[in-house]
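[1] I would like the atomic coordinates for the input below:
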Amino acid sequence: MNIVKLSYKNIIAKPLQTFLTVLILSLSIGLLLGVKQLNKVFESQLQQSLNGVDMVVGAKGSPLQLVLSTVLHIDNPTGNFPYNEAKKIAENKYIGSAIPIAIGDNYKGYKIVGTSVDYVDLNKTSIEAGAMFNKTYEVVIGNAVSKNLNLNIGDTFYSGHGMIENAVESHDDYPLKVVGILKPTQNVIDRLILTNLESIWHLHEHEDENGNQDHTHDNEDITALLIKFKNKRGLLFLPRNINENTPFQAALPKYQLDKLFKFTAIGTKAITWIALSILFVSGISMFVSLYRMVKERAKELALIRTYGANRNTLILLVFSEGLLVGVFSFFLGVLLATFSLQTIISLIKDTYKQQIYLLEYQNDILELLLFIFGIIIIATLIAIRPIFKMDISKIISHES
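    Predicted coordinates:
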């Protein structure tokens, strides 16, 4: 007797019920796997992008906005402040390094960042082709910028004022020249265009000379200082001192992102509980399906017994039916989760110009597979109860 073949025939004999069970189960599996993976990807990506930055100093405003705009580059900056004032802060004895950045321009949606060579080292990358920027209007581009915009060494382009691609104002008289391309990092620097601070200042000085009345970078302003402490004592004293005694603000990236994760975790948990609820319903649906099979096909099961099959064979038949439905639903759910994740990542790439890669989630798949296997076993154990009470002679005589 081919148990799998017989189980398959039982499944296709009730297409609507099977379809509903598979649909509910695969949706719950896809939701659980997708939410778990997406949460891990975002948390890993954001934490990786911190690169050990202990504190960010910038203009007064929202500390979270300051971190998102200057460390992760996914928001607009809170403002600018004079570089001379920033240098005074950088001289503090608790500060190990202070890297200035000036932002405010873009090219086709990719941010142009004025900074120092140390910013490249901070992001743990180096030049893949060409050389580091050295003169005014020279730029080094992230690997994603090079690939997505097909920019190569020696190419020139004109920057646009503002953070959005369709900015009206542009610096058409002062082309920026690509002199270097960075190695890929799967980090925020992949989608940035880097130049020296002088390039940013000169662009806006020329803009003022042309009468556009833009004073964003007057007096050699910068947007933020990215600070690493020499030791933990700086973490205790400096942030409060800057916030209370200066016109600037100090934000702690790790603290701000932890707050963000706690806030977003509410939505993640809600979706997870919804997915678990659907999974519970799908488990009930599977039990009902198997139980109805045992009750409605009592005569067929009794006849199988008369042909020499023992009780364990019938139990295996019921289990095989549940296993086929469960395994098919599981792989369908994994495909659904993978497709959805790729779609979301593609949208993020288009919106934020950032390539995000899925993490390995074999362990998550294995855990979920074992969980589904447990549901199948429980559903089978409950559904096979009528088999133990089966009176073969009575069933056959009653149906004759």
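
[2] domain ranges for the protein?
    3-46+260-399, 55-251 (automatic domain parsing).

[3] what's in contact with stretch 136-149?
    Residues outside stretch 136-149 that contact it (C-beta atoms under 8 Å, 6 or more residues apart in numbering) are 107-108, 110, 112, 120, 127-128, 130, 132-133, 151-152, 174-185, 189-196, 198-199, 202, 353-355. Any C-beta I mention is one placed from the backbone N, CA and C, and that applies to glycine too.

[4] show me what the top helix by length along the chain is packed against.
    Longest helix of the chain, by residue count under DSSP state H: helix 253-296. Contacts defined by 3 or more C-beta pairs under 8 Å, 6 or more residues apart in numbering; DSSP states H and E place helix 253-296 against helix 15-50, helix 63-67, helix 311-352, helix 362-383, helix 385-388.

[5] grab the nearest non-local neighbour of L290.
    In this structure, L290 finds its nearest non-sequential neighbour in A383, 3.6 Å apart by C-beta to C-beta, 6 or more residues apart in numbering.

[6] hmm, back to that, in ChimeraX, how would I select just the buried ones from the contacts of stretch 136-149?
    One line in ChimeraX is enough to select the buried ones among the contacts of stretch 136-149; burial here means 16 or more other C-beta atoms under 10 Å:
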select :107,110,112,120,130,133,151,176,178,179,180,181,182,184,185,189,190,191,192,193,194,195,196,198,199,202,353,354,355
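
[7] just the domains of the chain: most buried one?
    Highest mean neighbour count of these: domain 55-251, a mean of 18 (counted as mean count of other C-beta atoms under 10 Å).

[8] center of this structure, which residue is that?
    The chain has F42 as the residue nearest its centroid, 3.3 Å off, counting by C-alpha atoms, centre = their mean.

[9] distance of that residue relative to E300?
    52 Å (C-beta to C-beta, to the nearest Å).

[10] check the domains of the chain for me: which has the lowest mean pLDDT.
    Looking at the domains of the chain, the lowest mean pLDDT belongs to domain 3-46+260-399 (a mean of 82).

[11] please compute how far that domain lies from its chain's middle.
    A distance of 26 Å separates the centroid of the chain from that of domain 3-46+260-399, by C-alpha atoms, centre = their mean, to the nearest Å.

[12] swap in stretch 52-59?
    On C-alpha atoms, centre = their mean, the centre of stretch 52-59 falls 23 Å from the chain's centre.

[13] so how far is K295 from the residue nearest to L290?
    9 Å.

[14] now swap in Y361 and tell me
    39 Å.

[15] so what's the backbone phi/psi at V178?
    Note on V178: backbone dihedrals following degrees, to the nearest 10 are phi -80, psi 120.

[16] with the one 5 residues further on instead?
    Backbone torsions for K183, taken as degrees, to the nearest 10, come to phi -70, psi 150.

[17] helix, strand or coil for the residue lying closest to it once chain neighbours are set aside?
    Closest residue to K183 apart from its sequence neighbours, by C-beta to C-beta, 6+ apart: E128 at 4.3 Å. When classified by DSSP: H, G, I helix; E, B strand; the rest coil, E128 comes out as strand.

[18] verify the stated contact: E128 with D190.
    No - judged on C-beta atoms under 8 Å, E128 makes no contact with D190 at a distance of 11.3 Å.

[19] quickly list what the closest residue to D54 other than its chain neighbours is bridged to.
    Spatial nearest neighbour of D54, chain neighbours left out: F229 (4.8 Å); criterion: C-beta to C-beta, 6+ apart. Applying DSSP bridges to F229 yields these beta-bridge partners: I95.

[20] residues touching F229, list them.
    F229 touches 54-55, 94-96, 235, 238, counting by C-beta under 8 Å, 6+ apart.

[21] help me confirm that Y174 is found in a helix?
    No - counting by three-state DSSP, Y174 is not part of a helix but coil.

[22] returning to what we had before: dump the residue contacts of the residue nearest to L290.
    Here A383 is in contact with 287, 290-291, 293-294, 318, 322 (criterion: C-beta under 8 Å, 6+ apart).

[23] kindly report the same for T185.
    So T185 contacts 123-125, 143 (C-beta under 8 Å, 6+ apart).
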